[in-house]
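# Have a look at this prediction, sequence included:
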Amino acid sequence: MVCGHCATGPLASQSWRMLMDGEKEVTYHTSRGLLEAGMGDKCALCTLLLPSTDTRVDRNAAIEFTLKVTREEDDNGPSPKDAPRLRIEASSSVVWEEYCLYTLPDDPAASEILTRCPLVQVDSTEAYKLALERLNECVASHGSCPKPGPAPLPTRVIDCKDPSKPRLFVTRGISSPYVALSYVWGSDASHITLRSNFDSYIAGIDARIIPQTILDAIMVTHRLGMRYLWVDAFCIIQDSSEDKNTELVRMGLIYRDAYLTIIASSAAHANAGILHDRHMPGYYAAHPHLPFHCRDGRVGTVSVFTAGKSDYEPMKDPVDHRAWCLQERLLSPRKLVYATDTLEYHCQSATVPVNNSIKWWGTEKLNSLSFGLSDADIASKVAEWEEEDWGTLQMQWVFGMSSYTRRSLTQKTDKLVAFAGVAEQFDRVWHAHSGRYIAGLWEKHLPRDLLWLREPWQFGWYDDPLRPRPQEYLAPSWSWASVEGHIRVQPPVDCDASTCEILECDVTLMDERLPYGRVSSGRLKIHAAMFPAPCIISHKPLRWYYKLLVPTEELRTRMITVPPLSPNEGIAVGRNTIKEGGEVSTTQIVVHQEHMQIGLLAVADGAEVERSLLMAVGTILLAFDGTERVPPGRAWAILIYREDIGDHKHTEGLLVTDADDGSFRRIGYWLYKVDGHVAEENIPWLRSDSKKRSIELI
């Protein structure tokens, strides 16, 4: 419902034609008084306009509104990218509001407004029709998407010809289109294929033992006109190490060659299912409705909501927390995603709900530069690439790896294995450019690839504190794969060999057939400068910015009276106040003799210290890999990167501790920047005459 002023003004037939044809903006003159009256009469447009007016302006003073329909053209923005938006700007305001427009499929406005409300009946005939339309359009006309070609079926698939009587089928190398499933297993493993039930599954699998998510995937495969479905729990003999390793070698190809991958995004476990009706977000019922004058003279209705508003949070579906599911998503060229709120189709060219409802959040995908290349034409294609193309690919790797480390694994030892398919895909394209893949790092990106940091998060539903380093051996300490939790990689920098030179780097694979998989050992030998790490004498969480301090002569003089071997005696140099929740605590900062032997001291960034005793020389980031602490004198800082531009100093490196055999292992990362003059004698890694040595890291 709208008032007469709005119906004959900005929402009149002529106004809509001007807006939809993109001729020019529509202006509307009104006042706060008229808008308040319209809102009282439940006018939808007055209700939208009133909040953007200035309450300090006389309610009868004239206000000018400008209306314009825009269309999103950014491939990385919300989808569909050509969705119309109504932009409204008040003359009395420096900001504007944008509203998305949508309508129902059977409304007269549907011929011009192509966006819809979310599809909630994902098992309906309409849902399958729309899914097939998206899939067929992608295969036929998406230039950025790889075309499905003839590929051998995986070793085994589920035959879905009769979805009520599925059976395991040994393919023996025949070629045929197939569907793959990406899902969260959960704890129930009663249905998996074992050597003991393999023969019976060939004859047929009792539908009563098949988890609901897999049953639903069988039905979707059949309804889409496909016959074969690959599901790891059934298509790999789970109690055969030999079969599991054989299939792991092919895992990347299985998803890459699939005609379609079904992603059971909303299912928290295999018994949850994916075909139930979705819940329509409650705010859709409250969206205002506006009359829409169609080009053919009919009057329809469009609904509007504030651009960017959504109850759905990205990366919150169950599959977004499972590490294996990331490579399954990234490697699959075409995906039908049964999300929490609707049904979506994802490919290299589009990330859209199948019925064209508004989606605000994108999803991970591999760079189209690399995805569509066959092994035969990679060399000729990449020869044409510019440095920008390689940079884009590098950022894709960093983004994918960082996203992967936020996810969880049931078996910690799968850390490298569950990302092996992605590594293999990148290696196909940039092997000559980046060298060998070494336990998560790239040979020709060293030493730059060493500069990762463990970043603990605590944000809403996502809690990722520092954890102890796993007891099981996952990777060398210098690899991000050796720790649990989210890893952040600093922006790429060019590391000069004069600062840090790679002498040797190698790992021992646990299975030579899995060059991107588990390793049993690794060693890295570098030639670089190494110094005692700053000694932390007041703490915040183990990843924080610290004040970097140098003892003054006064402190050194006073420390002479402190017994050298007395850890309980020292000199108070300041205090540290910590606020946690509603609690506030203050502790003294005390310097002991063992601290003085280190030279550089670090205190929490908010701590207060006596300037007569400690001189500040900047701020340092000390990011620890886990909860492990080492005593003063056993932590060292290795300089990996250095940049000097005038008084601007930028240095980065590793925190390490000594191992038993004369080698070192990584325990963290450090970064020190300073703008302004700092005496080099106070900061060892700034000295131009720093001596380098050969250092072996394990």
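In hand now; what should we look at? Numbering: from 1, shown residues only.

# and residue 502, what is it in contact with?
Contacts for residue 502 were tallied using C-beta atoms under 8 Å, 6 or more residues apart in numbering; they are 446-447, 524-526. For glycine as for every other residue, the C-beta is placed from the backbone atoms N, C-alpha and C.

# one more time with 10 Å, if that's ok
Residues in contact with residue 502 (C-beta atoms under 10 Å, 6 or more residues apart in numbering) are 443-444, 446-447, 450, 495, 524-528.

# Quick one: name whatever helix or strand follows the helix or strand bottoming out on mean pLDDT in the chain.
Least confident element among the helices and strands of the chain, by mean pLDDT, DSSP states H and E: helix 368-371 (a mean of 51). Later in the chain than helix 368-371, the nearest helix or strand by DSSP states H and E is helix 378-382.

# ok now that following helix, how far from the chain's centre?
Centre-to-centre, helix 378-382 and its host chain are 28 Å apart (C-alpha atoms, centre = their mean, to the nearest Å).

# Show me which residues of it are buried.
378, 382 (16 or more other C-beta atoms under 10 Å).

# do the same with stretch 35-47
Within stretch 35-47, the residues that count as buried by 16+ other C-beta under 10 Å are 35, 38-39, 43-47.

# for stretch 2-21, same thing?
Buried residues in stretch 2-21, counting neighbours by 16+ other C-beta under 10 Å, are found at 2-3, 5-6, 9-11, 15-16, 18-20.

# Looking at those residues, spot the one nearest residue 455.
For these, the residue nearest residue 455 by C-beta to C-beta is residue 19; the value is 45.4 Å.

# tell me the secondary structure for that closest one?
Here residue 19 is recorded as helix under DSSP: H, G, I helix; E, B strand; the rest coil.

# where's the residue nearest to it when sequence neighbours are not counted relative to residue 156, distance?
Of all residues not flanking residue 19 in the chain, residue 69 sits nearest, at 4.4 Å (C-beta to C-beta, 6 or more residues apart in numbering). Counting by C-beta to C-beta, to the nearest Å, the separation of residue 69 from residue 156 is 53 Å.

# higher neighbour count, the two?
Set side by side, residue 69 and residue 156 show more neighbours around residue 156, with 24 against 17, by other C-beta atoms under 10 Å.

# Distance check, that one against residue 629.
With the distance defined as C-beta to C-beta, residue 156 ends up 50 Å from residue 629.

# Let me see the contact set for residue 624.
By C-beta under 10 Å, 6+ apart, the residues touching residue 624 are 453-454, 456, 466, 483, 536, 541-544, 630, 655, 667-670.

# need the strands for the stretch 501-650 of the chain, in chain order.
Here the stretch 501-650 of the chain has its strands, by DSSP state E, counting those that start in this stretch, at 519-532, 535-536, 543-551, 571-580, 583-591, 601-604, 608-609, 614-624, 635-645, 648-658.

# What segments of the stretch 51-200 of the chain are helices?
Per DSSP state H, counting those that start in this stretch, the stretch 51-200 of the chain carries helices over the ranges 125-141, 198-203.

# Which pLDDT value belongs to residue 361?
As predicted, residue 361 sits at a pLDDT of 64.

# make that residue 402, sorry
Value for residue 402, per-residue pLDDT: 93.

# From the structure, what's the count of residues near it?
For residue 402, the count of nearby residues is 16 (other C-beta under 10 Å).

# That one in helix, strand or coil?
Going by three-state DSSP: residue 402 is helix.

# burial count for residue 692?
16.

# Residue 552 too?
Residue 552 has 16 nearby residues by other C-beta under 10 Å.

# Now do it against residue 563, distance only.
Distance from residue 552 to residue 563, by C-beta to C-beta: 21 Å.

# What of residue 114?
81 Å.

# Comparing the two, which residue is more hemmed in?
residue 114 (16 against 11).

# per-residue pLDDT, the most far-flung residue of the chain relative to its centre?
Here the chain reaches farthest from its C-alpha mean at residue 561, the gap being 54.3 Å by C-alpha atoms, centre = their mean. Predicted confidence (pLDDT) for residue 561: 87.

# Hmm, it is touching residue 555, no?
No. Using C-beta atoms under 10 Å as the test, residue 561 is too far from residue 555 to be in contact (11.6 Å).

# Overlap of the contact sets of these two?
residue 571.

# Distance of the residue nearest the centre of the chain relative to residue 393?
Taking C-alpha atoms, centre = their mean, the centroid of the chain lies closest to residue 403, which sits 3.5 Å from it. Residue 403 sits 16 Å away from residue 393 when distances are taken as C-beta to C-beta.

# what does residue 209 give?
In this view, residue 209 and residue 393 are 44 Å apart by C-beta to C-beta.

# So between the two, which is more surrounded?
Neighbour count, other C-beta under 10 Å: between residue 209 and residue 393, residue 393 has more, with 21 against 9.

# Where do the helices of the stretch 351-500 of the chain begin and end?
368-371, 378-382, 387-405, 420-434.

# Export the ones you listed as a markdown table, with columns for distance to residue 686.
Formatted as a markdown table, the helices of the stretch 351-500 of the chain follow (distance: least, C-beta to C-beta, whole Å):
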| stretch | distance to residue 686 |
| --- | --- |
| helix 368-371 | 40 |
| helix 378-382 | 40 |
| helix 387-405 | 28 |
| helix 420-434 | 31 |
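
# Comparing these, which yields the minimum mean pLDDT?
helix 368-371 has the lowest average pLDDT among those, namely a mean of 51.

# Distance-wise, check the closest residue to residue 626 other than its chain neighbours relative to residue 635.
Spatial nearest neighbour of residue 626, chain neighbours left out: residue 469 (4.6 Å); criterion: C-beta to C-beta, 6+ apart. When distance is defined by C-beta to C-beta, residue 469 is 15 Å away from residue 635.

# for residue 410, same thing?
The value you get for residue 410 to residue 635, if C-beta to C-beta is used, is 33 Å.

# Compare the two and say which one has the larger neighbour count.
In this view residue 410 and residue 635 are compared by other C-beta under 10 Å, and residue 635 has more residues nearby, 21 against 12.

# Please report how far the more buried one lies from residue 670.
Distance, residue 635 to residue 670, by C-beta to C-beta: 10 Å.

# what do these two both touch?
Residues within reach of residue 635 and of residue 670 at once, by C-beta under 10 Å, 6+ apart, are 533-534, 622, 655.

# biggest separation within those, which pair?
Spatial extent of the shared contacts of residue 635 and residue 670 (C-beta to C-beta) is set by the pair 534 and 655 at 9.4 Å.

# got any residues that touch both of the two?
622, 635, 637, 670.

# show me the contacts for the first one.
Okay, so that is residue 622. If a contact means C-beta under 10 Å, 6+ apart, then residue 622 has 453, 533-534, 536, 542-546, 548, 602, 635, 637, 655, 668-672 as its contacts.
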